[in-house]
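Undergrad: Sequence below, structure please.
(2 chains)
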Amino acid sequence: MPNRDVKPIDTKQIKEMLNRKKGKMKRYLSHCAHCSLCAESCFLYMANQKDPQYMPSYKAIHSLGKLYRKRGKVDRKVLTEMKGIVWRNCVLCGRCYCPIGIHIPSMIAFARSILRSQDIYPQLDEVYAESWL
Amino acid sequence: MYDFIRGQLVSIALIIFILGLIFQVIQFFKLTKKKEWVYPPLEIKPVKKSARQWVDTCLASLNGTLWKTDPLMTMMTSVFHVFLIGVPIFLLGHNILLDQSWGLSLWSLPESITDVLTLVILICVAFFLARRLFLARVRAITTLYDYVMLLIVLAPFLTGYLAYHQWFDYDTVMTLHILAGEVMLITLPFTKLGHMLFFFLYRFLIGNEYSFAKGARAW
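TA: Model prediction:
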């Protein structure tokens, strides 16, 4: 197995990335009314017994929202948890609907970019429990 | 303190509210750019429809909206938002105050109607609170901040209702009512209540599949 876990998390880089899109993403996050009306528009939510973890807003809040809340100061454990949220729980099909007009896929995609910058992304040889498949 | 809340703070709150909204609009236009979108040519030719067909089409198109997935919440939230804006603007008491201070006023709804509508708003807020407390999917994304925001929205209407019926000490309730309104105005442009403004910016100006208009701008 390649030593991909060795690279330390570059919180400075994460913070820089977060700052670059702060204007858009922080507005999206702050205007989310937490109404959960986006839930039914996600086919994964519907296919998983309406588990709240699959709600588009839940996924955005617990990935990108968390990164902004912690100002990028996160460790590998937190980022690895996010990996499951933004890759396994979301396929970025872009069908999620927000009544306010928040574009949720762009938030998930941005969270993916940040994780990828830290070498955290789905691997084909992952064990099932962590698998994104 | 009472005089400050009833006097200067009203002007301060209004100024913060208006300047805050202007600031947010300017920021939005700075952050977004006009973009040339390429639309596929429309192949469907408009067909003349009878009134009945129009109604049928409109009703059928509701199936693709939140009316289909969550009719109760859609109804409650639509009613809530319309009255939330409408009731304070067309309230007799507010218009009399406006007339006395600025010499201008809008037309007013009868007090008996605004009284019922305020009660409807309070019921809607109770419904939202119940959703937050008892619905797992809403609870999963709820934080203390959401309850605070709900309280900020509830407070002006609850105190207004109490003041109108003269329950408790009228002067104190009225001062609290004015203070609650000011807090709402001040917080609106900078918190999630800002969706009052950003709803229109996001849904009409940003190019998106779900845009109500053409949406020529992009982040």
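Undergrad: Close to chain A: what parts of chain B are there?
TA: Listed as neighbours of chain A in chain B under the rule Cβ under 8 Å from any Cβ of the partner chain: B:27, B:31, B:66, B:69-70, B:73-74, B:77, B:131, B:135-143, B:146, B:191-192, B:194-195, B:198-199, B:201-203, B:206, B:208-211, B:219. (Glycine included, C-beta is placed from N, CA and C.)
Undergrad: Now with 7 Å, please.
TA: Residues of chain B lying close to chain A (Cβ under 7 Å from any Cβ of the partner chain) are B:27, B:31, B:66, B:69-70, B:73, B:136-138, B:140-142, B:146, B:191-192, B:194-195, B:198-199, B:202-203, B:206, B:208, B:210, B:219.
Undergrad: so whichever residue of chain B sits closest to chain A, which of the three states?
TA: Using Cβ to the nearest Cβ, the closest approach of chain B to chain A is made by residue B:202 at 2.9 Å. The three-state label given to residue B:202 by DSSP: H, G, I helix; E, B strand; the rest coil is helix.
Undergrad: Apart from its chain neighbours, what residue comes closest to it?
TA: If you skip the residues right next to it in sequence, residue B:202 has residue A:101 as its closest partner in space, 2.9 Å away by Cβ to Cβ, 6 or more residues apart in numbering or on different chains.
Undergrad: Number of residues surrounding that neighbour?
TA: Other residues within reach of residue A:101 by the criterion other Cβ atoms under 10 Å in any protein chain shown amount to 23.
Undergrad: Please enumerate residues in contact with stretch A:89-105?
TA: Counting contacts by Cβ atoms under 7 Å, 6 or more residues apart in numbering or on different chains, the residues outside stretch A:89-105 that touch it are A:28, A:31-33, A:37-38, A:41-44, A:53-54, A:56, A:59-60, A:108-109, B:66, B:195, B:198-199, B:202-203, B:206, B:208, B:210.
Undergrad: secondary structure element for the residue nearest the centre of chain B?
TA: Centre of chain B computed as the mean C-alpha position; nearest residue by Cα atoms, centre = their mean is residue B:81, 4.6 Å away. Assigned by DSSP states H and E, residue B:81 belongs to helix B:71-89.
Undergrad: Which positions in that helix come out as buried?
TA: Within helix B:71-89, the residues that count as buried by 16 or more other Cβ atoms under 10 Å in any protein chain shown are B:73-74, B:76-77, B:80, B:83-84, B:87-88.
Undergrad: That one packs against which elements?
TA: Judged by 3 or more Cβ pairs under 7 Å, 6 or more residues apart in numbering or on different chains; DSSP states H and E, the packing partners of helix B:71-89 are helix B:111-134.
Undergrad: The helix it packs on packs against which elements?
TA: With contacts defined as 3+ Cβ pairs under 7 Å, 6+ apart, helix B:111-134 has these neighbours: helix B:71-89, helix B:136-139, helix B:144-164.
Undergrad: Just the C-alphas of the longest helix seen in chain A, formatted as CSV.
TA: Residue-count comparison of every helix in chain A, with assignments taken from DSSP state H, identifies helix A:104-117 as the longest. The C-alpha coordinates for helix A:104-117 follow below in CSV (Å, rounded to 0.1, in the frame of the first residue of the first chain):
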residue,chain,number,x,y,z
ILE,A,104,-25.5,22.7,-3.2
PRO,A,105,-23.4,20.7,-5.8
SER,A,106,-20.9,23.6,-6.1
MET,A,107,-20.4,23.3,-2.3
ILE,A,108,-19.8,19.6,-2.3
ALA,A,109,-17.5,19.9,-5.4
PHE,A,110,-15.5,22.5,-3.5
ALA,A,111,-15.2,20.3,-0.4
ARG,A,112,-14.0,17.5,-2.7
SER,A,113,-11.3,19.9,-4.1
ILE,A,114,-10.1,20.7,-0.7
LEU,A,115,-9.9,17.1,0.4
ARG,A,116,-8.1,16.2,-2.8
SER,A,117,-5.5,18.9,-2.2
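Undergrad: quick revisit: so the residue nearest to residue B:202: helix, strand or coil?
TA: Residue A:101 ends up coil, using three-state DSSP.
Undergrad: tell me which parts of chain A are close to chain B?
TA: By Cβ under 7 Å from any Cβ, the residues of chain A that approach chain B are A:23-24, A:27, A:30-34, A:36-37, A:39-40, A:50, A:52, A:55, A:57-58, A:61, A:97, A:99-103.
Undergrad: Since that was my last question, I'll sign off now.
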